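Asker: below are the sequence and a predicted model for it; my questions follow.
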Amino acid sequence: MDDRTALAERFEADRSHLKAVAYRMLGSASEADDAVQESWLRAAQTDVSEVQNLTGWLTTVVGRVCLNMLRTRRTRREDPLDAYDRTPDQDEGNAPEREALLADSVGLALLVVLDRLTPAERLAFVLHDMFAVPFGEIGPLIDRSADTARQLASRARRRVKGGATSPDADLSRRRRVVEAFLSASRGGDFDALVALLHPDVVLHADRSVIPTLEPVVVQGAHTVAKGAMAATGRALFTGVALVDGAVALAMAPQGRLRLVLGFTIVDGLIAEIDVVADPERLGGFDIGVLDD
């Protein structure tokens, strides 16, 4: 078997692994597919006769391609929020469902945090902490030393943990309520939503959410539940996260934070919901990942 054939067979055997690396680096299924394809084009033109660990080598090739893609991202796609207020069958194919399933499998809050890291931090954290690539192999990818790569991963790790300030028991209780709200929203379960809301619940939404000239205020369990029922498209791209140390929901298609729902919970019921879409406020939030 020649080197080219061995490389092709190894690449196909590792394709799902390489897609997993690329998705965590880029936060987009379609971009991950592009990165894997580009990685093959590069790998196929390389002499691999002296490469002993093809899987490890291919992982670093994908990492370098993704790093370049991150570095050349000049603008964020700013789709209107109502672009996500669709059920999956209203779109071509199952792309939204696929993105949502991938985000759930990785953790949407993690994708949001990764999106806020520098490309070098993201590479160091993803390759080392998620795929056990040694820092000695990561350093050359970012033109840094192994020690610097280690420091970048450590910095990213601290960002991922976020800043939880509530006692653990309180955090767990609030998480259960928020997760139940998300589950009912995704499933379109109106009765379950109403049961989670205080009868006099108040929802505040800033002007960037709809948008409107003035912030929106909605009151009453049934009215708020109807609004949640109308946003099942958003719920697909929403996950539980730590936001400024409190349990919240973050909507982040392709890992890019677009909306945060903060909750005030009293006696196990949601008494207030604060919906934030203003980019400046979103940028100021400290986002972290809740431990499983």
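Answerer: Structure received. The shown structure was predicted, so the numbers you read here are calculated from the model rather than taken from an experiment.

Asker: for the helix or strand hosting Arg186, which outside residues touch it?
Answerer: Element membership of Arg186 [criterion: DSSP states H and E] is helix 168-187. Applying C-beta atoms under 8 Å, 6 or more residues apart in numbering, the external contacts of helix 168-187 come out as 164, 166, 189, 192-193, 196, 228-229, 231-232, 235-236, 238-240, 246-249, 263, 265, 268-270, 290. All C-beta spots, glycine's among them, are computed from the backbone N, C-alpha and C.

Asker: counting only helices, which of these make the cut?
Answerer: 192-193, 196, 228-229, 232, 235-236 (DSSP state H).

Asker: ok so, going back, now, of the contacts of helix 168-187, which are buried?
Answerer: The neighbour count (16 or more other C-beta atoms under 10 Å) marks 164, 189, 193, 196, 228, 231-232, 235-236, 238-240, 246-249, 263, 265, 269-270, 290 as buried among the contacts of helix 168-187.

Asker: where does Leu213 fall, phi/psi-wise?
Answerer: phi -70, psi -30 (degrees, to the nearest 10).

Asker: quick one: contacts for it?
Answerer: Counting by C-beta under 8 Å, 6+ apart, Leu213 has contacts Arg207.

Asker: quick check: it vs Asp206, distance?
Answerer: Here Leu213 is placed at a distance of 12 Å from Asp206 (C-beta to C-beta, to the nearest Å).

Asker: where exactly do the helices run in this protein?
Answerer: Assigned helices in the chain, in chain order: 3-13, 15-26, 29-44, 54-71, 95-106, 108-116, 119-125, 135-138, 146-161, 168-187, 190-196, 221-229, 232-236, 279-284 (criterion: DSSP H).

Asker: flag every buried residue along the longest one.
Answerer: For helix 168-187, the buried set under the neighbour-count rule, 16+ other C-beta under 10 Å, comprises 171, 174, 177-178, 180-182, 184-186.

Asker: quick check, nearest of those to Ser145?
Answerer: Of all these, Ser145 sits closest to Leu171, with 38.0 Å by C-beta to C-beta.

Asker: wait, Arg116 sits on Asp286?
Answerer: No: using C-beta atoms under 8 Å, Arg116 is not in contact with Asp286, being 9.9 Å away.

Asker: which residue lies nearest the spatial centre of the chain?
Answerer: Leu111 (2.6 Å; C-alpha atoms, centre = their mean).

Asker: wait, it touches Ala103, no?
Answerer: Yes: counting by C-beta under 8 Å, Leu111 touches Ala103, with 6.1 Å between them.

Asker: what sits in contact with each of those two?
Answerer: With C-beta under 8 Å, 6+ apart as the test, Leu111 and Ala103 both reach 252, 255.

Asker: worst-scoring helix or strand of the protein, pLDDT-wise?
Answerer: Counting by mean pLDDT, DSSP states H and E, the chain has its least confident helix or strand at helix 95-106, which shows a mean of 80.

Asker: now that one, how far from the centre of its chain.
Answerer: From the chain centre to the centre of helix 95-106 is a distance of 10 Å (C-alpha atoms, centre = their mean, to the nearest Å).

Asker: what does stretch 140-158 give?
Answerer: Relative to its chain's centre, stretch 140-158 lies at 21 Å (C-alpha atoms, centre = their mean).

Asker: just the CA atoms of that stretch, as CSV, please.
Answerer: Output of stretch 140-158 as CSV, limited to C-alpha atoms (Å, rounded to 0.1, in the frame of the first residue of the first chain):
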residue,chain,number,x,y,z
PRO,A,140,4.2,25.5,16.2
LEU,A,141,0.7,25.9,14.8
ILE,A,142,0.4,29.4,16.4
ASP,A,143,4.2,30.2,16.1
ARG,A,144,4.5,30.1,19.9
SER,A,145,6.3,27.9,22.4
ALA,A,146,4.7,25.0,24.2
ASP,A,147,4.7,27.0,27.4
THR,A,148,2.8,29.8,25.7
ALA,A,149,0.3,27.4,24.3
ARG,A,150,-0.2,26.0,27.8
GLN,A,151,-0.8,29.5,29.1
LEU,A,152,-3.3,30.2,26.3
ALA,A,153,-5.3,27.0,27.1
SER,A,154,-5.2,27.9,30.8
ARG,A,155,-6.6,31.4,30.1
ALA,A,156,-9.3,29.9,27.9
ARG,A,157,-10.2,27.3,30.6
ARG,A,158,-10.8,30.1,33.2
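
Asker: what pLDDT, on average, does that stretch get?
Answerer: Stretch 140-158 shows a mean pLDDT of 95.

Asker: and stretch 48-65, by the same measure?
Answerer: 91.

Asker: go through that stretch and flag the buried ones.
Answerer: By neighbour count on 16+ other C-beta under 10 Å, the buried set for stretch 48-65 is 48, 51, 54, 56-65.
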